[in-house]
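Colleague: Prediction below, plus the sequence it came from.
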Amino acid sequence: MGTLPDPELEQFRDLLDDLAHAVERPPDIHWSRYRAELRAKLEARLERRRTWWRRPVPLALSASLAGALVVGALVVVQSGRQSGTGADLAAVEEAAIGDRLELLEQYRVVEQLDLLEEFDVIRDLDRLTVERTG
Amino acid sequence: MELSDEVLCRRTAERDEAAFDALVARYQGRAYRLAWSIVRNAEDARDLSQEAFIRVFQSAGRFDGRSKFSTWFYRIVVNLCLDQRRKHRGWKLWVRDEGDPESHEPLLDRQPAPSQDPVDTIGRERTLKRLWEAVGRLAPQQRAAVILQVQEELPTPEIAAVLKCSEATVRVHLHRALTTLRKTMGTT
């Protein structure tokens, strides 16, 4: 089933037709001059980009950036090394502290502390020995 | 055999100056006309269209070939023109609003009242001239949409690609533009 043309749509179509029939042309232009200008602008832009890197400020900036990167890399490497030796340092520290502990000096006693758990048995064993001899 | 725009663009990316010159020769008229339609100033249009070509030369490598070269190029031209208008708009608003403190409506959205002069409605040419003048006062996106459709005869999907918006948004821009034009012309 076809739809009836919307009057608003019709008006819009008329407007678009009017616009299309009356497209205005811009003022004439000398095209070879236009292209010459474009070529000159392009060359200037490319040249500016090339010389920018040769200027002292960009050079100094590049050098600073490179320096910062080197320093950064060194810091990262150094911190990596420190974290690698961190465990060793802790072990040395523990040994130093351990040396100062008296308990550890009597290490054989400490090793035999588990005998305390069997103390009653051991005591009884002693009594049994006395009774047998007595 | 004539090389396609896309091939010329790829060669431009490889710094083939002859390919770039061929693109310029092919698009210079369209670029200048489109820029002029948006900015309505011959000198600005010349500068902006040349700038568009410089951008093409510098960033041809970024053209991925998913759209047509013409769509990509139109987008560059339209963006440059709209940017330029935006810059000028702030200044113009300031100048205009100084003498018009009552108005809070943005300059480009303000529409003139329908002409009271009956002589204006007599000649069709004059009416059509007024119509294009009214297009010049539309909001930038609406204006670009109208120009791309009427002047460049681009289909809606391509206008959407140029303006980087959805097709629905293009239709909204066109509808608003035509509504405003109809009001401006007093439904001629």
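Modeller: Received the coordinates, thanks.
Colleague: which regions of chain A sit below the pLDDT cut-off?
Modeller: Chain A contains residues with pLDDT under 70 at A:1-5, A:52-56, A:58, A:80-88, A:97-134.
Colleague: near chain B, which residues of it show up?
Modeller: A:11-12, A:15-16, A:18-27, A:29, A:31, A:34-35, A:37-38, A:41-42, A:45 (C-beta under 8 Å from any C-beta of the partner chain). Heads up, the C-betas are built off the backbone N, CA and C, glycines and all.
Colleague: So which of these belong to helices?
Modeller: A:11-12, A:15-16, A:18-21, A:31, A:34-35, A:37-38, A:41-42, A:45 (DSSP state H).
Colleague: Mark which of those are buried, thanks.
Modeller: Taking 16 or more other C-beta atoms under 10 Å in any protein chain shown as the criterion, what is buried in those is A:11-12, A:15-16, A:18-19, A:34-35, A:38, A:42.
Colleague: Can you name the next helix or strand after the helix or strand bottoming out on mean pLDDT in chain B?
Modeller: Among the helices and strands of chain B, helix B:69-98 carries the lowest confidence by mean pLDDT, DSSP states H and E, at a mean of 74. Per DSSP states H and E, helix B:69-98 leads on to helix B:124-136 as the next helix or strand towards the C-terminus.
Colleague: Show residues contacting the following helix or strand past that following helix.
Modeller: Next helix or strand after helix B:124-136 toward the C-terminus (DSSP H and E): helix B:140-150. Residues outside helix B:140-150 that contact it (C-beta atoms under 8 Å, 6 or more residues apart in numbering or on different chains): A:16, A:19-20, A:23, B:34, B:37-38, B:74, B:78, B:81-82, B:85-86, B:108, B:135-136, B:138, B:154, B:156, B:158-159, B:162-163, B:165, B:170, B:173-174, B:176-178, B:180.
Colleague: cool, stretch B:78-87 as well?
Modeller: By C-beta under 8 Å, 6+ apart, the residues outside stretch B:78-87 that reach it are B:34-35, B:38-39, B:44, B:48, B:51-52, B:55, B:108, B:140-141, B:144, B:148, B:162-163.
Colleague: per-residue pLDDT, residue B:160?
Modeller: With respect to pLDDT, residue B:160 has a value of 93.
Colleague: what's near enough to touch it?
Modeller: Residue B:160 sits next to B:166-167, B:169-170 when contact means C-beta under 8 Å, 6+ apart.
Colleague: In PyMOL, how would I select the buried members of these?
Modeller: Remark: buried members of the contacts of residue B:160, expressed as a PyMOL selection using 16+ other C-beta under 10 Å:
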select buried, chain B and resi 170
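Colleague: Could you export the contacts of residue B:160 as CSV, including pLDDT?
Modeller: Conversion of the contacts of residue B:160 to CSV gives the following (pLDDT from 0 to 100):
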residue, pLDDT
B:166, 91
B:167, 90
B:169, 91
B:170, 91
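Colleague: and which of the contacts of residue B:160 is nearest to chain A?
Modeller: Nearest to chain A, judged by C-beta to the nearest C-beta, of the contacts of residue B:160 is residue B:170 at 13.9 Å.
Colleague: Drop anything exposed from the contacts of helix B:140-150.
Modeller: Among those, those scoring as buried are A:16, A:19, B:34, B:37-38, B:74, B:78, B:81-82, B:85, B:108, B:135, B:138, B:154, B:156, B:158-159, B:162-163, B:170, B:173-174, B:176-178, B:180 (criterion: 16+ other C-beta under 10 Å).
Colleague: The nearest residue in space to residue A:37 that is not next to it in sequence: neighbour count?
Modeller: Of all residues not flanking residue A:37 in the chain, residue B:50 sits nearest, at 6.4 Å (C-beta to C-beta, 6 or more residues apart in numbering or on different chains). By other C-beta atoms under 10 Å in any protein chain shown, 23 other residues sit near residue B:50.
Colleague: do residue A:79 as well
Modeller: Neighbour tally, residue A:79, other C-beta under 10 Å: 10.
Colleague: Kindly report the same for the one 10 residues further on.
Modeller: By other C-beta under 10 Å, 10 other residues sit near residue A:89.
Colleague: how far away is it from residue A:45?
Modeller: Distance, residue A:89 to residue A:45, by C-beta to C-beta, to the nearest Å: 58 Å.
Colleague: So of the contacts of stretch B:78-87, which two are at opposite extremes in space?
Modeller: Using C-beta to C-beta, the contacts of stretch B:78-87 span at most 24.8 Å, a distance reached by B:55 and B:108.
Colleague: Much appreciated, bye for now.
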